[in-house]
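K.L.:
sequence and computational prediction follow.
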Amino acid sequence: MGLLRFHWDFFGPDSVTTAEHFLHHLDEFCKRENVSGYRHWVSPQTVRTTAIMECDEQYLKLIRDALRPVRGERVIDAG
């Protein structure tokens with residue numbers, strides 16, 4: 001299966017802290033729902049901070065429906 005990347009955006013002066021806190025809840029969700037092999041990080045930008053998660057495509061419907069990311073994309077292997 002392929003690899004997917006999901007994005008959640010946070011705005012404002014506390015956006016980095018909020019996005020990092022979101023990742024804590026994302027870990028709890030993944031443990032509860034048995035999502036394995038994922039990774040996540042925060043990407044601070046000028047206007048917003050984005051929390052990003054990569055996981056196997058088999059979790060598409062679960063993540064999309066339960067966590068409602070603002071964007072999703074398929075990660076294409078350049079190699």
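P.N.:
Perfect, thanks for sending it.

K.L.:
who's the residue most central in space within the chain bridged to?
P.N.:
For the chain, the residue nearest the mean C-alpha position is Met53 (2.8 Å; Cα atoms, centre = their mean). Counting by DSSP bridges, Met53 is bridged to Phe6, His40.

K.L.:
got a list of what Ser15 touches?
P.N.:
Pro44, Arg48, Thr49 (Cβ atoms under 8 Å, 6 or more residues apart in numbering). C-beta coordinates here come from the backbone N, C-alpha and C atoms, glycine included.

K.L.:
err, Ile52, not the other one
P.N.:
So Ile52 contacts Arg5, Phe6, His7, His40, Trp41, Val42, Ser43 (Cβ under 8 Å, 6+ apart).

K.L.:
what pLDDT is listed against the fifth one?
P.N.:
Pointing back at Trp41 there. pLDDT, Trp41: 97.

K.L.:
same check, this time on the third one
P.N.:
His7 carries a pLDDT score of 98 in this model.

K.L.:
neighbours of the closest residue to it other than its chain neighbours, how many?
P.N.:
Spatially, and ignoring its direct neighbours in sequence, His7 is nearest to Arg71 (4.2 Å; Cβ to Cβ, 6 or more residues apart in numbering). Counted with other Cβ atoms under 10 Å, residues neighbouring Arg71 total 11.

K.L.:
likewise Tyr38?
P.N.:
There are 17 residues near Tyr38, going by other Cβ under 10 Å.

K.L.:
hang on, it packs against Cys55?
P.N.:
Yes: between Tyr38 and Cys55 there is a contact at 3.9 Å, judged by Cβ atoms under 8 Å.

K.L.:
about what we covered before: most neighbours out of the contacts of Ile52, which is it?
P.N.:
In terms of neighbours by other Cβ under 10 Å, the contacts of Ile52 top out with Phe6 at 23 neighbours.
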